[in-house]
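Participant: Give the three-dimensional model of this entry:
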Amino acid sequence: MRGRILAAAALTALTGIVAAGIPAAAASGPGRTADVVQGTLDSLVKNDKYPGALAAVRGPDGRTRDYTAGVANVKTGAKVPVNGQVRIASNTKMFVATVVLQLVGEGKIGLDEPIETYLPGLVRGEGIDGRKITVRQVLQHTSGLADYDVELVGEDYSKVQHRYFEARELLDVVLAQKSLFAPGTGWSYSNGNYVLAGLIIQKVTGRPVGEEITKRIIDRIGLRHTYWPAIGDQSIREAHPQGYFPSADGSLADVTQLDPSMAGAAGQLIGTPRDLNRFMTALLGGELLKPQQLKQMKTTVAADDFSATGGARYGLGLAAFKLSCGGWAWTHGGDSPGYVTRNAVTSKGRAATIAVNSNVTSLVAAQNFEAALDTALCK
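Facilitator: Below is the predicted model:
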């Protein structure tokens, strides 16, 4: 999924940078921008030791360049597939927040209603009371709820790699922990917030969150390579790089096959760089939300820990960061065992998504990854 960037070397990969370069780029034509973006991917492989990387950069005119570097499989040396599928992890939160805000626009959910209205009696714990936590606070990570990933995983991800989790199991881990702060008085990233958001969607619509995302977003804007895995589906359907989890001794465990239910509504989706760019441009372009709900989504609070370089701000399932070339970009990104994505769209409609097939192992590597995204948007 994503969060707690400063702890990336330990367990950022758990829910919501080896190998030789075999660089290849599929681009619409030569040019300085293409060369610079290709160079950043080559650097992620060579210097930060990700096995492989892939990217798509979409211009304001809708034209896209695709890039790859490194290998999709460290044993066979197979090339990274252009626009391959990856687990997009916490980017799922943008989809979930969009569905919630669509329901707000339909008058079925109130942003400043307590979650008790939709999930009566469910959210209780030490310093935790669903009557005092609003839907807005859940979407913005200002609820005070703790996370659950480290508590579930412990020191050995392989113990839960193939285990199926119900949403209630994930929520129980959150509620067993003390509240981090009173609702609305701080900011702390928690996948538990989006497990709750998924349950709210299910309660209000009477349908599973994955089905609502598919109907309201994926099918609506034609994301042909993005999907919500079915219960028990541990595979990735289309062409994809293998996903690797780095061990403390430097070895890489292949975690391509896993049960994504531990991520749930916080990070279960699978997609491609091109589809993520299409989604973000559609979202920020007003194709998915009414103006009032999009405005609410873009209303941010300080969220320094969301970024490896600091200075980020977080709205409702949507974050923002400053560009080196001036202005801000809208973003989220995601970390799953085996895959990490960083993606954003600028106010001018330029979008970029970069993915790698191993997890972040140091703060420097995380910073270099974010710098690569900045380069793709600015050069």
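Participant: quick one: Leu54 is in a strand?
Facilitator: Yes. Looking at Leu54 with DSSP: H, G, I helix; E, B strand; the rest coil, it is inside a strand.
Participant: Mind checking the pLDDT average for the host helix or strand of Met94?
Facilitator: Element membership of Met94, judged by DSSP states H and E, is helix 92-105. Helix 92-105 shows a mean pLDDT of 98.
Participant: how far is it from where the chain is centred?
Facilitator: Chain-centre distance of helix 92-105: 14 Å, with C-alpha atoms, centre = their mean, to the nearest Å.
Participant: Moving C-terminal from it, which element do we reach first?
Facilitator: Next along from helix 92-105, by DSSP H and E: strand 124-125.
Participant: name the helices or strands packed onto that following strand?
Facilitator: Applying 3 or more C-beta pairs under 8 Å, 6 or more residues apart in numbering; DSSP states H and E, one finds that strand 124-125 contacts helix 167-175. Glycine gets a C-beta too; all of them are placed from N, C-alpha and C.
Participant: what comes up buried for the helix it packs on?
Facilitator: 167, 169-171, 173-175 (16 or more other C-beta atoms under 10 Å).
Participant: And the furthest pair within the residues you listed?
Facilitator: Ala167 and Leu175 (12.3 Å; C-beta to C-beta).
Participant: for stretch 296-305, how far is the first residue from the last?
Facilitator: Terminal residues of stretch 296-305 lie 22 Å apart, using C-alpha to C-alpha, to the nearest Å.
Participant: and if you look at stretch 47-66?
Facilitator: 21 Å.
Participant: picking that back up, out of the buried residues of helix 167-175, which comes closest to Asp233?
Facilitator: When these are compared against Asp233 (criterion: C-beta to C-beta), the nearest one is Ala167, at 16.6 Å.
Participant: Need the pLDDT of the closest one.
Facilitator: Per-residue confidence (pLDDT) for Ala167: 97.
Participant: For it, list the residues it contacts.
Facilitator: Taking C-beta atoms under 8 Å, 6 or more residues apart in numbering, we find Ala167 in contact with 195, 198-199, 264-265.
Participant: and if you look at Ile201?
Facilitator: 96, 99-100, 103, 209, 212, 265.
Participant: What's the PyMOL syntax to select whichever of those residues are buried?
Facilitator: Burial among the contacts of Ile201 is assessed by 16+ other C-beta under 10 Å; the matching PyMOL selection reads:
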select buried, resi 96+99+100+103+209+212+265
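Participant: Burial check on Gly326, number of neighbours?
Facilitator: Counted with other C-beta atoms under 10 Å, the neighbours of Gly326 add up to 8.
Participant: Can you say which helix or strand has it in it?
Facilitator: Using DSSP H and E, Gly326 sits within no helix or strand.
Participant: Tell me how far it lies from Gly285.
Facilitator: 21 Å (C-beta to C-beta, to the nearest Å).
Participant: low-confidence ranges in the stretch 201-350 of the chain?
Facilitator: Residue ranges of the stretch 201-350 of the chain with pLDDT under 70: none are present.
Participant: Going along the chain, name the helices of it.
Facilitator: Along the stretch 201-350 of the chain, the segments classed as helices by DSSP state H, counting those that start in this stretch run 209-213, 273-284, 291-297.
Participant: tell me the most buried of these?
Facilitator: Comparing those by mean neighbour count (mean count of other C-beta atoms under 10 Å), helix 273-284 ranks first with a mean of 24.
Participant: Give the other helices and strands that that one contacts.
Facilitator: Counting by 3+ C-beta pairs under 8 Å, 6+ apart, the packing neighbours recorded for helix 273-284 are strand 52-58, strand 64-70, helix 92-105, strand 339-346, strand 351-356.
Participant: The first one pairs with which strands, and in what direction?
Facilitator: Okay, so that is strand 52-58. Sheet pairing of strand 52-58 (DSSP bridges) gives strand 64-70 (antiparallel), strand 351-356 (antiparallel).
Participant: Got the confidence number for Met1?
Facilitator: The predicted local confidence for Met1 is 58.
Participant: wait, what's in contact with Lys159?
Facilitator: Val153.
Participant: try the one 5 residues further on
Facilitator: Contact analysis of Tyr164 by C-beta under 8 Å, 6+ apart lists 231-232, 259, 261.
Participant: one more time with 6 Å, if that's ok
Facilitator: Residues near Tyr164 by C-beta atoms under 6 Å, 6 or more residues apart in numbering: 259, 261.
Participant: now do Leu54
Facilitator: Taking C-beta under 6 Å, 6+ apart, one finds 68, 80, 84, 355 in contact with Leu54.
Participant: Of the buried residues of helix 167-175, which is the nearest to Ile217?
Facilitator: Using C-beta to C-beta, these come closest to Ile217 at Ala167, 19.6 Å.
Participant: From Asp156, how far off is the closest one?
Facilitator: To Asp156, Ala167 is 23 Å away according to C-beta to C-beta.
Participant: Same question for Asp275.
Facilitator: Applying C-beta to C-beta, the value for Asp275 to Asp156 is 33 Å.
Participant: For Lys132, which non-adjacent residue is spatially closest?
Facilitator: Pro183 (5.5 Å; C-beta to C-beta, 6 or more residues apart in numbering).
Participant: er, Leu223 actually
Facilitator: Asp275 (4.5 Å).
Participant: Where does Gly186 fall, secondary structure wise?
Facilitator: Per DSSP H and E, there is no helix or strand for Gly186.
Participant: Farthest-apart pair in the contacts of Ile201, please.
Facilitator: Leu103 and Ala265 (13.9 Å).
Participant: Tell me the spacing between Arg136 and Gly127.
Facilitator: 19 Å.
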